[in-house]
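Peer 1: Could you look at this predicted model? Sequence included:
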Amino acid sequence: MNEITDQLNRHWTNIYYHLHYTHQEKITHQAIRIMQHIEKNQHATVGFIAKKLSVSHNTASEHIKRLIQKGYIEKIRKQMDERKVFLSLTQEGKDVLHYNTALDQDKLAAILDRLSESKQKRILEAFATLAEEAKKCSSF
């Protein structure tokens, strides 16, 4: 199994290296991680982020404060209980996250256009399977 995981990692890093968007924003890896946690967890709080990053509440709060100042994140108070404050990505935050974590759609489309429909379907099925199984091993 080690050989398969090595090959899969090698393929994935090659795919990302060649197909990622050209980064426009100056943003830290830590900021991207925070934004990913918020995107994948609609009830993310400062405490949740602190736990996921293994940092203190104050450290997480400072990172989040900077992302709010940049306009990438906003705090949303629950109407039923205003003591609860959740974090949400702004549209600008969603765009920045997309361009820093996703594959360039134009490059990807150019590749897929060269492949047969059956190969496209096999790739999609393989990624869907991997994504579903990945959710099962995650502590999110």
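Peer 2: That came through, no problem. Bear in mind that the values here come from a model prediction, so they are computed numbers and not experimental data. Residues are numbered from 1 along each chain as shown.
Peer 1: How about the contacts made by Leu89?
Peer 2: Shown in contact with Leu89 (Cβ atoms under 8 Å, 6 or more residues apart in numbering): Met35, Ile38, Glu39, Tyr72, Ile73, Glu74, Leu97. Bear in mind the C-beta positions are built from the backbone N, C-alpha and C, glycine included.
Peer 1: try Leu97
Peer 2: Ile32, Met35, Gln36, Glu39, Tyr72, Leu89.
Peer 1: Surely the fourth one is in a helix?
Peer 2: Yes. With the criterion set as DSSP: H, G, I helix; E, B strand; the rest coil, the secondary structure at Glu39 is a helix.
Peer 1: Show me the helices in this protein, by range?
Peer 2: 2-19, 29-40, 46-53, 57-69, 91-101, 105-114, 117-137 (DSSP state H).
Peer 1: What residues of the first one count as buried?
Peer 2: With burial defined by 16 or more other Cβ atoms under 10 Å, the residues of helix 2-19 counted as buried are Leu19.
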